[in-house]
Every structure is written in structure tokens, then in C-alpha cells.
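**Q** sequence-free structure coming up:
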């Protein structure tokens with residue numbers, strides 16, 4: 001497989017540190033919340049809301065990103081004429097192979113999230129595919145052939161009710177949030193770009209590096225006019241093609257425990273339950289699934305002790321919902337296309353795009369060739385074997 005290399009951000013020596021990060025102060029939390037509320041707001045606007053000047057806000061943000069404590073991301077999975085398939089893939093690994101498998105797939109561009117978790121699976125992958133055929137190809141000819149992968153199980157989302165780009169620290173008062181919230185999150189699913197061309201793709205890749213770059217800088221790098229860039233960006237925004245996110249290292253967020261729950265609810269109640277689940281403060285992800293558990297919920301909690309209390313709240317509010325399984329994230333190796341260290345600090349970005357791999361494509365082509373070629377008929381059994389002959393066939397009971 002040809003794998004692209006992406007430069008690490010910040011100080012490379014940071015990638016080797018394992019000590020606990022320094023805690024954030026209140027201005028840090030306010031700044032992160034402001035960028036979660038309006039990721040593309042001008043520094044002057046953010047500074048005004050926070051009560052500091054623009055240069056202070058920008059300088060403080062640079063310090064956070066250099067340390068890997070917070071970062072911005074931009075991605076799109078809504079491209080092409082059809083709504084993309086969102087899949088959740090559970091991976092079992094052979095003993096001692098988990099980290100090698102994770103390192104091997106970290107640059108697979110369609111893997112939005114990779115989590116090492118407790119429980120009945122080693123890794124949970126959240127991935128986007130243009131169709132079910134590509135999902136089958138990835139599971140069968142990529143994951144299934146990796147040394148160290150012993151089993152996989154896949155489910156697809158019939159609906160994604162909310163996802164991590166909508167989660168907030170909520171450190172800002174309502175009036176400040178209203179001043180920043182001009183970039184409202186579009187409804188799910190996103191409409192996307194029905195037919196992106198090469199320039200759209202190049203522009204998206206530059207935005208995935210830093211979507212706060214001015215249009216003039218983007219135009220210079222693309223070799224087009226700023227007017228062309230602005231026109232393309234306006235079209236992408238009108239069609240809800242881009243997802244902007246501001247993330248914070250989970251261990252510094254005040255919500256260090258990430259838990260995924262699988263539940264079973266009556267089919268006629270799932271939409272109502274999901275509509276209430278996404279309003280809960282802890283909810284990061286809520287999706288309806290095709291598998292035996294028809295609801296999946298990922299929440300961030302303040303402590304491990306809160307896991308039981310949170311489930312008790314679910315039982316009180318939704319007695320018809322049965323929590324069938326749960327997993328605690330040990331290491332979120334990748335979130336929204338960004339590779340993280342064990343403490344949740346940012347290492348580097350991997351632009352989110354649909355996956356393609358010539359080796360897997362060739363393996364699938366070879367299999368199709370075999371399937372198209374009829375097998376030669378088996379030789380007829382000898383009349384004397386097993387008493388089956390022309391003198392009268394015997395039938396199995």
C-alpha cells in the first residue's frame with residue numbers, strides 16, 4: 001500500500017513526552033469554547049467576546065496548538081451524488097499485535113476515529129465509505145489480510161443523530177455564544193458536493209491543513225484568483241460540504257472518560273429516544289445501527305465513577321432502552337482525522353477522504369475472475385462405491 005506522510009505539528013520532541021500535561025486556565029477554556037462555537041470567527045471577534053485583544057487570543061491559541069492541547073480540523077465525507085455510508089467496525093487483534101495494527105491503519109484516510117477500548121473488542125473504527133461495496137472491500141481485502149487482525153465485525157449507521165463536532169465545553173455565557181454562533185451547524189445528514197472537481201479536492205486538502213488561512217493565501221497556493229476561492233468556499237458552505245471542528249485533549253477537557261454504549265430500543269421508539277439523548281450534556285455521538293443493538297451512544301464523563309450513575313440516569317429516563325454492552329476508551333488513537341497520543345494530545349493530521357488501495361482493488365478483481373469461471377464438474381462416483389450405482393440408488397434419510 002502506498003501511504004502518505006503528514007508532517008507533525010508543533011515540537012517533535014512533544015511526541016516523546018509521557019508526563020501529564022499542564023492544566024489549562026480559564027482563558028484557555030473560554031478560547032476553546034469560542035472556537036468550538038464559531039471555528040472561523042476572526043480573532044478580533046473572538047477577543048472581543050473574551051475581553052482580550054485579537055493578538056492575545058491568537059497568541060494563546062498558538063500556544064495551545066504547539067503543545068498539542070487543542071487543534072482545529074476540517075473534513076468532508078459528503079461528496080458524490082449519494083449519502084455516504086458511515087460504518088462502525090470492531091477489530092479483534094492477536095496477542096501483542098494491537099498497536100502494530102493501529103499504526104498500520106492510522107493513515108487510512110477514511111478512518112475518522114480509531115479507539116483502543118475495553119471489553120469484547122480491541123479496536124473500534126468509525127469510517128466513511130461511498131457505498132457498501134467499498135466497505136466490503138475494505139473489511140475483506142484490507143483489514144482481513146492484515147497480520148495481527150483475527151476478526152472483524154461491521155455495522156452501518158442508518159442515521160447519525162449527532163457527532164463530535166457539535167460537542168461544546170460550554171464555558172461561554174449564552175449571550176457570548178449568540179455573538180459567535182453565526183456559523184450554525186447544518187442538519188444531519190449533510191447534503192455535500194454532488195460532483196466535486198479537482199480544484200474542489202485541492203481546496204479541501206488545503207483547508208484540512210488550516211481552514212483559517214485567508215482566501216488570498218489559498219488562492220496563491222492553488223494558482224487561482226481569490227475570487228475563485230471565495231466562490232468555491234461559498235458553494236461548499238451552501239451545500240454543507242465541510243465539517244469544522246475545534247478539539248481539546250480529552251485529559252485536559254474536564255471530561256477524561258469516554259464510554260461507548262450499545263443499546264436496544266423498540267423500533268418505534270428509537271427516534272424519540274435519540275432526540276433526547278443528543279440533548280444530554282455528555283453525548284458526543286449517537287447513531288442508529290443495523291446490528292443486534294440498534295442504538296450506539298458515545299459519552300464523555302468526568303470520572304469512572306460516573307459510568308454507573310450515567311447508566312442509572314438512562315434507565316430512569318428510558319425504561320424501554322436496554323444497555324446491552326459498553327466499552328471504555330483506553331486510547332483514542334485518532335479523532336476526526338487527527339492522530340493523538342495516549343493523553344489525547346494532538347500529533348498530526350490525516351486528511352479525511354474516501355479510501356482507495358490498488359492492492360485491495362486487484363485482490364477483488366482476482367476474486368471476481370474466479371467467481372466468473374465455472375468449476376469443472378466433479379467426477380461421477382464409481383458404481384461400486386458406497387452402494388450407489390445403476391442397480392438402484394439409495395437415498396439418505
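**A** Thanks, I have it. Worth saying up front: this structure is predicted, and the values here are computed from it rather than measured.
**Q** CA atoms for contacts and neighbours, from now on please.
**A** Will do.
**Q** dump the residue contacts of the most centrally placed residue in the chain.
**A** With distances taken as C-alpha atoms, centre = their mean, the residue of the chain nearest its centroid is residue 112 (2.8 Å). By C-alpha atoms under 8 Å, 6 or more residues apart in numbering, residue 112 lies in contact with 125, 126, 127, 128, 334, 335, 336, 337, 352.
**Q** any idea how far residue 354 is from it?
**A** 10 Å (C-alpha to C-alpha, to the nearest Å).
**Q** so what sits against both of the two?
**A** Counting by C-alpha under 8 Å, 6+ apart, the residues touching both residue 112 and residue 354 are residue 128.
**Q** Just the buried positions in the one helix or strand the residue nearest to the centre of the chain maps to, please.
**A** Under the criterion of DSSP states H and E, residue 112 resides in strand 111-117. For strand 111-117, a neighbour-count test (16 or more other C-alpha atoms under 10 Å) marks 111, 112, 113, 114, 115, 116, 117 as buried.
**Q** wait, which of those is closest to residue 242?
**A** Distance to residue 242 across the buried residues of strand 111-117 (C-alpha to C-alpha) is lowest for residue 112, with 14.2 Å.
**Q** can you pull the pLDDT of the closest one?
**A** At residue 112, the predicted lDDT confidence score is 95.
**Q** Could you find the closest non-adjacent residue to residue 299?
**A** residue 283 (4.5 Å; C-alpha to C-alpha, 6 or more residues apart in numbering).
**Q** Would you mind measuring from residue 336 to residue 31?
**A** Applying C-alpha to C-alpha to residue 336 and residue 31 gives a distance of 20 Å.
**Q** Looking at these two, which one has more neighbours?
**A** Counted by other C-alpha atoms under 10 Å, residue 336 and residue 31 do not tie: residue 336 has more neighbours, with 26 against 22.
**Q** if I pick the more buried one, what's in contact with it?
**A** 73, 75, 112, 113, 352.
**Q** what's near enough to touch the fourth one?
**A** Residue 113 is in contact with 124, 125, 126, 127, 332, 333, 334, 335, 336, 337, counting by C-alpha under 8 Å, 6+ apart.
**Q** my read: the last one touches residue 350, true?
**A** Yes - counting by C-alpha atoms under 8 Å, residue 337 touches residue 350, with 5.2 Å between them.
**Q** Now do the shared contacts for the two.
**A** Common contacts of residue 337 and residue 350 (C-alpha under 8 Å, 6+ apart): residue 109.
**Q** lowest-confidence helix or strand of this structure?
**A** Within the chain, no helix or strand scores below helix 174-180, which has a mean of 82 by mean pLDDT, DSSP states H and E.
**Q** And it, what's buried?
**A** Going by neighbour count (16+ other C-alpha under 10 Å), the buried part of helix 174-180 is 176, 177, 180.
**Q** now, among those, which is nearest to residue 252?
**A** residue 177 (21.7 Å).
**Q** Please give me every residue in contact with the nearest residue to that closest one once chain neighbours are set aside.
**A** Once flanking residues are discounted, residue 177 sits nearest to residue 37: 6.8 Å by C-alpha to C-alpha, 6+ apart. Applying C-alpha under 8 Å, 6+ apart to residue 37 gives the contacts 168, 177, 180, 181, 183.
**Q** ok, now residue 134?
**A** By C-alpha under 8 Å, 6+ apart, no residues touch residue 134.
**Q** Show me where the stretch 251-397 of the chain has its helices.
**A** For the stretch 251-397 of the chain, helices defined by DSSP state H, counting those that start in this stretch occupy the ranges 270-277, 306-317, 358-372.
**Q** distance of residue 133 from residue 257?
**A** Applying C-alpha to C-alpha to residue 133 and residue 257 gives a distance of 35 Å.
**Q** and which of the contacts of residue 113 is nearest residue 201?
**A** Nearest to residue 201 among these, with distances taken as C-alpha to C-alpha, is residue 337, at 16.2 Å.
**Q** Number of residues surrounding the closest one?
**A** Residue 337 has 26 nearby residues by other C-alpha under 10 Å.
**Q** likewise the one 5 residues further on?
**A** Look at residue 342: counted by other C-alpha under 10 Å, it has 14 neighbours.
**Q** Could you pull up the contacting residues of it?
**A** 330, 331, 332, 333.
**Q** from these, which two are the most distant?
**A** The widest separation within the contacts of residue 342 (C-alpha to C-alpha) is 9.2 Å, between 330 and 333.
**Q** Who has more neighbours out of those two?
**A** The neighbour count for residue 330 versus residue 333, taken as other C-alpha under 10 Å, is higher for residue 333 (26 against 17).
**Q** Okay, now the unreliable bits of the stretch 151-300 of the chain?
**A** Filtered on pLDDT under 70, the stretch 151-300 of the chain yields the residue ranges 182-192.
**Q** Show me what counts as buried in stretch 60-67.
**A** Neighbour-count burial for stretch 60-67 flags 61, 64, 65, 66, 67 (criterion: 16+ other C-alpha under 10 Å).
**Q** Sitting in helices, which of these do you find?
**A** Among the buried residues of stretch 60-67, the members found in helices (DSSP state H) are 61, 64, 65, 66.
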